[in-house]
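Peer 1: Predicted structure and sequence below. I'll ask about it afterward.
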Amino acid sequence: MFPIDDSTRGLARALHNSIKDLPIISPHGHTDPRWYAENAAFPDPAQLFVTPDHYVFRMLFSQGVPLESLGVPRADGGPVETDGRKIWKLFADNYYLLRGTPSRMWVDHAFAEVFGIEQEFTPATADAIYDHISDCLTKPEFRPRALFERFNIELIATTESALDDLKWHKMIGASGWTGGKVVTTYRPDSVVDPEFDGFAANLATFGDLTGTDTQTWAGYLDAHRIRRAFFKEHGATASDHGHPSARTENLSTQQAEALFDRIKGGKATPEDADAFRGQMLTEMARMSMDDGLVLQIHAGSRRNHNPGILHKFGRDKGFDIPGRTDFVNDLKPLLDAFGTQHELSIILFMLDETTQSRELAPLAGVYPALKLGPPWWFFDSAEGMKRFRENVTETAGFYNTAGFNDDTRAFCSIPARHDVARRVDSAYLATLVATGRLNEDEAYEVAQDLTYRLVKKAYRL
Amino acid sequence: MFPIDDSTRGLARALHNSIKDLPIISPHGHTDPRWYAENAAFPDPAQLFVTPDHYVFRMLFSQGVPLESLGVPRADGGPVETDGRKIWKLFADNYYLLRGTPSRMWVDHAFAEVFGIEQEFTPATADAIYDHISDCLTKPEFRPRALFERFNIELIATTESALDDLKWHKMIGASGWTGGKVVTTYRPDSVVDPEFDGFAANLATFGDLTGTDTQTWAGYLDAHRIRRAFFKEHGATASDHGHPSARTENLSTQQAEALFDRIKGGKATPEDADAFRGQMLTEMARMSMDDGLVLQIHAGSRRNHNPGILHKFGRDKGFDIPGRTDFVNDLKPLLDAFGTQHELSIILFMLDETTQSRELAPLAGVYPALKLGPPWWFFDSAEGMKRFRENVTETAGFYNTAGFNDDTRAFCSIPARHDVARRVDSAYLATLVATGRLNEDEAYEVAQDLTYRLVKKAYRL
Amino acid sequence: MFPIDDSTRGLARALHNSIKDLPIISPHGHTDPRWYAENAAFPDPAQLFVTPDHYVFRMLFSQGVPLESLGVPRADGGPVETDGRKIWKLFADNYYLLRGTPSRMWVDHAFAEVFGIEQEFTPATADAIYDHISDCLTKPEFRPRALFERFNIELIATTESALDDLKWHKMIGASGWTGGKVVTTYRPDSVVDPEFDGFAANLATFGDLTGTDTQTWAGYLDAHRIRRAFFKEHGATASDHGHPSARTENLSTQQAEALFDRIKGGKATPEDADAFRGQMLTEMARMSMDDGLVLQIHAGSRRNHNPGILHKFGRDKGFDIPGRTDFVNDLKPLLDAFGTQHELSIILFMLDETTQSRELAPLAGVYPALKLGPPWWFFDSAEGMKRFRENVTETAGFYNTAGFNDDTRAFCSIPARHDVARRVDSAYLATLVATGRLNEDEAYEVAQDLTYRLVKKAYRL
């Protein structure tokens, strides 16, 4: 990932050397807290690298490989491939499809660095590698906590539904494990998005959990306050919100009550649903002003683009497609209310790169409440990160960005992802120095900031 | 076009050496099949390089050179410059305007490689170069078939209206020429776009040609099936559709019949016209499921932007301007119906680069029916191709792309255009290797794939 | 800013050497003509570098520094910091926030080149640098006219309201100063934008100034004609228009009269206001056809995004955020009327980079009336300029661009801004040569054109 010019590459390498051993702070991701709680062995290699990884199975599907043959579970529980070795063989046969993608780098990196594999992954070596990884997984040093410590993770944040009982976090807390810190994140989509499956039932559960009347607007807001406090007890420093757009609203109490009455039964119109999601971002910001939770907004994914796949396999099957996002207009109601509050921390994530230089950098470069999250999802890649720095730094600087998130479900890819980010940032900084735009001593300081300090600051860790 | 760093440049050059002599596959373009049928000498240099080339005459017009003075024919048949040497002189005087453009490279390349000209093209050398090219054009080795063979073209696809009699293709077929393969492409805009000049009359002709009742929806669809079969007999492996947006529809038969009844008289509302074009993309996909033709969608050109020019000079006079395109929403009806069918091949072309990383790569990276065509029109350029690879590879990989199209009317530019594509791809691959993102042996394989194998596969050649 | 490869860097440096001493032509900017008229000493360093510079104070504000503490005046005249040294200390403490931004380069450049400061600017050196600059400012060679001459400015255009009496320009003219030329620019937003503060009163003043009845459409247009002539007498060669979009209209006289009647009282609906601004761009183009003024359109800033800041501090306080712009549709009415007129010169500026390759280059590459202004505001930066050249050159060439504008209020940043532009262009040209896309002798010629000739030609200087 380093620049191709010799002297610039030398500086990039030196910068990377200065940060490569810093602890990993992973303030946003989707690893399973059960892993760290139970510390059980991971299952077979296919279950670790193929079946749960939508980056991988979407690419194979795009070239005609059926999802069933990769073990992806069907919504109706119908039969899918369960033989890990067969799945692995398909993976090896089609591994060339991943050339030039981040997944290829992550898998190669995990094979080499986590499992010590020196061979290339090909159909010819597939069986041997499968055996090797299977063998590793039986050993104590490949249990989740051991890997966590070996990966030099200082802190990882998982993401749980507002309705989650956080039992795995309790179990981690009670276990006496001192090798790593695992915190939760408050993700209330299931009780904030009127179009979420089972929304009306979720509201009822939400009331039961908190002892509030979630059939009233006031009670519903109280329920959030109570759950946010509960999540904070288990380490949460942030909430997280995945919305199709960045729309916000700032309705009067009467308007909000009327809207809530229309949506609470689970039969919202699309417009009411969208307005409600928008209103709730502003309500979350208001609560953050009180309880200090950082507000993460992940905006712009058109989820479940294909109804056939949604019906057959359910959500999160690689059919979430980015769409245009308008932060300038959509965030205005929230920013009018709270944007100039420096004590509020809102971290914005986007899937529409055109907003980087046009909207996000100008907004984050002036609103004290805003910080920019790292390139997300499809853009968690060498080119994506490079474009992000080139597009935002000149207007927002470095200090309105929030360092790196791995945002992953794939535990073994965590070191690879952080390493890619550190390399790309090192390359960018080296290029600034080589072209006379930054002093070398500053580059070392910024490298530390991007990798460690800004992450902890933005997430209040 | 190669990277400026020495070692990366060396690898780029080696990669290019490995593919530069591969035959040219030109699966989509607008050369005139009459050339290959009659094999007559090309007319004078101005008619070859200036008058028909909208890239060239639009640039000169932008700086005040009247189209008439370049010999561009008027719609009313009024007088325009016919003296090739005078047109050539104007071209030479204004050639500096093309600095930094692909046209400049294509013309320079054709002068040097096709006509063996070693001088720079300037007002001072214009006459001598005119004489030299004129002289060449009288020789047998500069006849269309001789150039075709010298250009090492394995196959070229031309593009014909659904109403075309394909007589030139018949003549080529009957001629016994074995030096090259020329196939047609089914382009039904004149009977699919209700806003096309003479649409109602075209429908009648369409019925006459096929013996169907094109006043009914069912008969109209049958006419397409019959013509598609006729085009397949003359080598067609694809249809092609030039639409202002990527809009698709998937109406019920009743809805489609009602829409067809409203538009068949030639007086469609803009909304009906747009809906009908959208419906026909889905119908074409449905027919492709039966007859196997590849479906090419060229979306996003706002044609004939200036009414004065359209009135005076007609269509295709450099006033087609790209506009925003929304593939995520617009393609959904078609993709809901057929997107997950691996036996369908849809190749998408766009003029809105912002869709590359945000929409096209995520769509092509998961839908088996979708492939991405190469950068089109204004983006058939060194920077355009570089941005395309950087924007799409990380999400769609290489294998959901369809290799290069020259898409040209300018026969002598074909070797130049393919060579630029091969150089840019070699440079991109060399950069991936130099930055540790691809192995060198893989780069050689991918270079072959992009230049040759993927083109034949995507177009079923 | 030069390329990192040694040989390309050598050529870039040579190209820059060939243009670095060319006079500065500054055809559009916001420096205060009073400076050149009175030639008084500039006030303290904070007033020169911090308080009036929205690039600087917006970045500090984004990290929690109150605007009051930087001396930014309040709309209600309430107290703000007035101690220049205290403001300077805050600036120094937070100077690291500007790392990687153009402001950092401009300030560093001005410190070094204008004030001869060799130290880095840090909290430790802040006081000494403050003293040094303060001391300089008392000397005759740091008066505005002396700096103007030292900066090698051949001509600077300021920008004045249509209601301005141009007294400073008269005073400059009467002063006999021969060291530099200062011209005005006709900026009629206050009488063209129905949403401008005091629009109705402005119309009345406009009538008084011109002896016309600005309560009628015809009289109102006459008033513009009269003021344009007055501005031309004081050197204006251009008008300038800052609109939220690129919308244009070309209404019939009756429609325009009816619209004018609705908006003249100062209570326009948003749609009427927007339509009127659009109509006036076309009217200005029509007047330009008569009087030859160049028409500058600065489109796409969503001004005063935060109502709290607008209320407390007024306009131009760093809260103007770019938004999506659609030039293809919005400019059509104007282009239908006048786009093919080569004697008209319209210079387009934008804040939505996605329009560069998709819309602006294709439009400017064919319409004789259109030229592209340089990257504006947030994009007046090394990366912004590089992207601009890469995005537009292949389609619009170099000769449909208008050279560089500094567009600044910050006098001392003028040499830095022009130098950055010259370096970035040199780097771009060197890269074209190194990659075989331009001859070296042409690169030298284009460098001269971009820096000097095209600016004078586009602005008719």
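Peer 2: Thanks, I have the structure now.
Peer 1: make it CA atoms for all contacts and neighbour counts henceforth
Peer 2: Will do.
Peer 1: Tell me how far residue A:91 lies from chain C.
Peer 2: From residue A:91 over to chain C the distance is 38 Å, taken as Cα to the nearest Cα, to the nearest Å.
Peer 1: Now do the contacts for residue A:213.
Peer 2: A:207, A:219, A:220 (Cα atoms under 8 Å, 6 or more residues apart in numbering or on different chains).
Peer 1: The second one and residue A:211 touch, don't they?
Peer 2: No - the pair formed by residue A:219 and residue A:211 falls short of the contact definition of Cα atoms under 8 Å, at 9.1 Å.
Peer 1: more neighbours, the two?
Peer 2: residue A:219 (16 against 13; other Cα atoms under 10 Å in any protein chain shown).
Peer 1: quick one, phi psi at the more buried one?
Peer 2: Here is the backbone geometry of residue A:219 (degrees, to the nearest 10): phi -70, psi -40.
Peer 1: Quick check: the gap between it and chain C.
Peer 2: Distance from residue A:219 to chain C, by Cα to the nearest Cα: 31 Å.
Peer 1: Against residue A:182, how distant is the nearest residue to residue A:440 once chain neighbours are set aside?
Peer 2: The shortest distance from residue A:440 to any residue other than its chain neighbours is 6.0 Å, reached at residue A:433 (Cα to Cα, 6 or more residues apart in numbering or on different chains). Separation of residue A:433 from residue A:182 (Cα to Cα, to the nearest Å) stands at 37 Å.
Peer 1: what does residue A:455 give?
Peer 2: According to Cα to Cα, residue A:455 stands 16 Å off from residue A:182.
Peer 1: Same question for residue A:87.
Peer 2: Distance from residue A:87 to residue A:182, by Cα to Cα: 32 Å.
Peer 1: same check, this time on residue A:116
Peer 2: As for residue A:116, its distance to residue A:182 is 26 Å (criterion: Cα to Cα).
Peer 1: Now residue A:457: which helix or strand?
Peer 2: Taking DSSP states H and E as the definition, one finds residue A:457 inside helix A:454-458.
Peer 1: what's the first-to-last distance across stretch A:180-188?
Peer 2: End-to-end distance (Cα to Cα), stretch A:180-188: 26 Å.
Peer 1: Over to stretch A:157-168?
Peer 2: With Cα to Cα applied, stretch A:157-168 spans 13 Å between its terminal residues.
Peer 1: Quick one: residues contacting the residue positioned nearest the centre of chain A.
Peer 2: Using Cα atoms, centre = their mean, the residue of chain A that lies closest to the mean C-alpha position is residue A:407, 2.5 Å off. Residues near residue A:407 by Cα under 8 Å, 6+ apart: A:28, A:29, A:30, A:376, A:377.
Peer 1: ok, now residue A:434?
Peer 2: A:8, C:4.
Peer 1: Let me know the pLDDT of it.
Peer 2: Confidence at residue A:434, expressed as pLDDT, is 93.
Peer 1: ok so, going back, and which of the contacts of residue A:213 is nearest to chain B?
Peer 2: residue A:220 (33.8 Å; Cα to the nearest Cα).
Peer 1: Tell me which residues of stretch A:112-126 come out buried.
Peer 2: A:114, A:115, A:117, A:121, A:122, A:123, A:126 (16 or more other Cα atoms under 10 Å in any protein chain shown).
Peer 1: okay, among the residues you listed, which ones form the most distant pair?
Peer 2: For the buried residues of stretch A:112-126, the maximum inter-member distance is 20.7 Å, found between A:114 and A:123 (Cα to Cα).
Peer 1: Wasn't the residue nearest to residue A:440 part of a helix?
Peer 2: Yes - under DSSP: H, G, I helix; E, B strand; the rest coil, residue A:433 falls within a helix.
Peer 1: burial of it, as a residue count?
Peer 2: 21.
Peer 1: And for the one 5 residues further on?
Peer 2: By the other Cα under 10 Å criterion, the neighbourhood of residue A:438 contains 19 residues.
Peer 1: Appreciated, that's everything.
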